[in-house]
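With the input below, show me the fold.
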Amino acid sequence: MKRFLCLLLCLVMATALLAGCGEDDEDKGAIIPVYLASPIGNFDPAYATHDVNGNIFLGLMFEGLFRIGENGKLEKAIAKSWTIKEDPDHDDYVMEIELNTTYWSDGRQVSADDFVYAWKRLLEPEYQSENASLLFDIKNARAVKDGDMTIDDLGLYAADTTVLQIVFERKIDYNQFLENTASIALLPLREDTAVRLDNWASNNATMVTNGPFILKKIEYAADQKTISRIECERNVYYYRDVDRDHLKKSVFPYRFVMDFTKTAEEQAAMYEAGEIYVDANLPLSARAGANVETGSTMSTATIVFNNNKAPFDKPEVRKALSQAIDRTALANIVVFAEAAEGFVPKGTFETTQGTSFRSAGAVLNTAGDVAGAKSLLSSAGVSSGTIDLAIRSGDHVYQAVAEYVKGVWEQLGFTVNIVEFGQKYYIENEYDQWRDIFESVYRSGEFSYTFTEVDSNGNEKSETFACDAMLVDYYSSTNPFSILSSFSRPFSGGAMDLTSGSEYANVPHICGYVSDSYDQLIENAYAETDRAARASILHQAEQALAADMPVAPLFTYKLGYQISGDLSKVKTSGDGFFVLTKAALKNYLELQTTETAATLDPNETAAG
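Below is the predicted model of the structure:
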């Protein structure tokens, strides 16, 4: 009997050992070196909407209710179904959206509460977001944003774990509201994560995501200002049936690796050598004539002027600075770009899906006119001055655009300084955190931000970052109202000071633009629920905005990317995201190099 028990115990231990070995040797999928975009320092949707590179990363790591498909049409994402209940006699207009079952990267189910929190965050009076007007059709939304009602008065509820209930002020175009929800600004967020730290999304250890990939690793260079490496790994909980199949893979690739210690030129050489499999950020010198695939985006490179500071407080000066720029020439420099014809890009809908707001024609002259610009400056009594133009650090496209603009503006008599803002390291609640200085300057509303840090001896050290104009990427929704309304005070989404004790007043757009007549046009557009009639008013508003030029749209980005023949099933969305859930790398186990295997943690298998 003892011998039998001994043999049985040995069998059990051997079985466990074999099972353990099988788990260690499990093929987790391909590790794919790529170069998708320049790095970003904060993966918070509120920050990344001002950076075309951020949009690409957010598209991998988060998922909303709907998405814009490859053909530019609305597609369901987390949304499973929706119903509309109307009771005109009692002014009740309610939409309920049922969610599909999926999970955050820590295994917690994505719930209606996650959308409620994220949307309420945009509508808090103290929170700055140009995208707040996407939600203004919700009951009491405007009053909440103005500080006249509390956030609890908002007509937005989690009716059940997977049921989002939205109460509207009136009967609206429900399809347009569903289109609004495809904006990356309305992605769900985890309240327990976002309220813990100011820059929760700057460190993979302090964030969770609900998309097909997680931020597995983010490494900063020794200067703690620039990012040297990003690794995106499969979210094992993405649409996973935890009750039935703990190993189900809704995402095929295991990991995407991006090494930012290499320049764009070096990355291109690595692609040609077969060492990376997607190059979506080619050096400018290699773009013209390159054999690439292209796609649309909803991001427009825009120069934002400080309208509160002389001489930019004069419309003639802003118009002159804009008029001098040859947008077609600039788009040709960038190559993967299309000259901006207005403040609203072509991807926005005029009335229904598939129609374009831009089909009505251009409101901006894409050809530069330096002589006309000089005449405008003369009429304003301005002939010279210094302009500090801020860009994000570490991006060769931003640098090239800024250099071109500098050359043009110096022809007008200005001295132009290009200033680059990167990241600043600090510790909060014992977590390593990084502040995006560019975004901090932008969101300050004053084009100035002071960063204070405390050294190991408890001494404070402050550094001030300031500029006169900023090169900002504006991500647009498919709704032209949300783009144009942000320049109107009642719809700007600006952060209000609720501590002053004085009467709360609407805050203008970050640039400081104020126009009563423009405000009235946007009010008229908001009051109009017929999409065709509203579009007509919005075209008038865009013309009025072009007459004052508070910001200067330059060009709309296009995706331009090379894909290795060894990699298949790579798709893109209609608003500029990569869809990589089914990407397949041919013979990836054979192609797996020692260098790629070294990207794994010590306890992971090289095959994975």
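
Phi and psi next, for the closest residue to G493 other than its chain neighbours.
Distance criterion C-beta to C-beta, 6 or more residues apart in numbering; nearest residue to G493, sequence neighbours excluded, is A132 at 3.3 Å. In short, each C-beta sits where N, CA and C put it, glycine included. A132 adopts backbone torsions of phi -60, psi -30, taken as degrees, to the nearest 10.

Quick check: A132 touching K145?
Yes: if you go by C-beta atoms under 8 Å, A132 and K145 touch, sitting 5.8 Å apart.

Now list whatever residues contact both of the two.
123, 493 (C-beta atoms under 8 Å, 6 or more residues apart in numbering).

Three-state assignment for the nearest residue to T386 once chain neighbours are set aside, please.
Closest residue to T386 apart from its sequence neighbours, by C-beta to C-beta, 6+ apart: T415 at 4.6 Å. Following DSSP: H, G, I helix; E, B strand; the rest coil, we place T415 in the strand state.

Okay, T415 and G385: tell me how far apart.
7 Å (C-beta to C-beta, to the nearest Å).

Run through the strands of the stretch 151-300 of the chain in chain order.
156-160, 163-167, 213-220, 227-234, 255-259, 278-279, 293-305 (DSSP state E, counting those that start in this stretch).

Direction included, what does the longest one pair up with?
It refers to strand 293-305. Sheet pairing here is set by DSSP bridges, and for strand 293-305 it gives strand 469-475 (antiparallel), strand 551-563 (antiparallel).

now those strands in JSON lines, with distance to M95?
What follows is these, written out as JSON lines (distance: least, C-beta to C-beta, whole Å):
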{"stretch": "strand 469-475", "distance to M95": "24"}
{"stretch": "strand 551-563", "distance to M95": "31"}
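
out of these, nearest to V116?
Shortest distance between V116 and those, using C-beta to C-beta, is found for strand 469-475: 22.4 Å.

what's that closest one in contact with?
49-52, 55, 130, 183-185, 298-306, 312, 387-392, 398, 401-402, 405, 438, 441-442, 447, 483, 553, 557.

Equivalent analysis for stretch 311-331, please.
With C-beta under 8 Å, 6+ apart, stretch 311-331 has contacts from 303, 305-307, 337-340, 364-370, 372-374, 376-377, 379-380, 382, 385, 401, 404-405, 408-409, 411-412, 468-469, 547-550, 552, 554-555.

Quick check, F451 in contact with W434.
No: F451 is beyond contact range of W434, at 11.1 Å (criterion: C-beta under 8 Å).

Can you pull the residues that touch both of those two?
Contacts common to F451 and W434, judged by C-beta under 8 Å, 6+ apart, are K424.

Of these two, which one has the most company?
W434 (21 against 15; other C-beta atoms under 10 Å).

Give me the mean pLDDT for stretch 292-302.
Stretch 292-302 shows a mean pLDDT of 93.

Format the CA atom coordinates belonging to stretch 550-563 as CSV.
Extracted as CSV, the C-alpha positions of stretch 550-563 are listed here (Å, rounded to 0.1, in the frame of the first residue of the first chain):
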residue,chain,number,x,y,z
PRO,A,550,-7.9,82.9,-33.8
VAL,A,551,-6.0,79.8,-34.8
ALA,A,552,-4.5,78.8,-38.1
PRO,A,553,-5.2,75.3,-39.5
LEU,A,554,-2.3,74.1,-41.6
PHE,A,555,-3.0,70.6,-42.9
THR,A,556,-4.8,67.4,-42.1
TYR,A,557,-2.6,64.4,-41.5
LYS,A,558,-2.8,61.3,-43.5
LEU,A,559,-1.5,57.9,-42.5
GLY,A,560,1.4,56.8,-44.6
TYR,A,561,2.9,53.4,-43.8
GLN,A,562,4.9,50.5,-45.1
ILE,A,563,4.0,47.0,-44.2
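
got the buried residues for it?
550-563 (16 or more other C-beta atoms under 10 Å).

shaky segments in the protein?
1-26, 245-248, 456, 498-504, 591-608 (pLDDT under 70).

repeat that with 80
Along the chain, segments meeting pLDDT under 80 span 1-27, 223-225, 242-249, 454-458, 497-505, 590-608.

how's it carved up into domains?
What automatic domain parsing lists as the domains of the chain is 64-101+111-187, 293-421+468-558.

Reformat those domains as a markdown table; add distance to A584.
Putting those into a markdown table (distance: least, C-beta to C-beta, whole Å) gives the following:
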| stretch | distance to A584 |
| --- | --- |
| domain 64-101+111-187 | 18 |
| domain 293-421+468-558 | 17 |
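
Which of these sits closest to T193?
Taking the domains of the chain one by one with C-beta to C-beta, domain 64-101+111-187 is closest: 10.1 Å.

And A132 and K145? Which one has more around it.
K145 (29 against 26).

follow-up on the earlier one: can I get the buried residues of stretch 550-563 in JSON lines with distance to K461?
Output for those, formatted as JSON lines (distance: C-beta to C-beta, whole Å):
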{"residue": "P550", "distance to K461": "35"}
{"residue": "V551", "distance to K461": "33"}
{"residue": "A552", "distance to K461": "35"}
{"residue": "P553", "distance to K461": "38"}
{"residue": "L554", "distance to K461": "36"}
{"residue": "F555", "distance to K461": "39"}
{"residue": "T556", "distance to K461": "40"}
{"residue": "Y557", "distance to K461": "37"}
{"residue": "K558", "distance to K461": "42"}
{"residue": "L559", "distance to K461": "41"}
{"residue": "G560", "distance to K461": "42"}
{"residue": "Y561", "distance to K461": "42"}
{"residue": "Q562", "distance to K461": "44"}
{"residue": "I563", "distance to K461": "46"}
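
Closest to I333 out of these?
For those, the nearest to I333 is F555 (9.4 Å; C-beta to C-beta).

Was I right to think the closest one contacts A301?
Yes: using C-beta under 8 Å, F555 is in contact with A301, at 5.5 Å.

partner residues bridging E453?
K461.

those helices in the stretch 151-300 of the chain, which residues are they?
Taking DSSP state H, counting those that start in this stretch, the helices of the stretch 151-300 of the chain run over residues 174-180, 191-194, 264-272.

want to throw those into a markdown table with distance to V208 and mean neighbour count?
Shown next, in a markdown table, are the helices of the stretch 151-300 of the chain (distance: least, C-beta to C-beta, whole Å; neighbours: other C-beta atoms under 10 Å):
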| stretch | distance to V208 | mean neighbour count |
| --- | --- | --- |
| helix 174-180 | 24 | 18 |
| helix 191-194 | 6 | 15 |
| helix 264-272 | 29 | 17 |
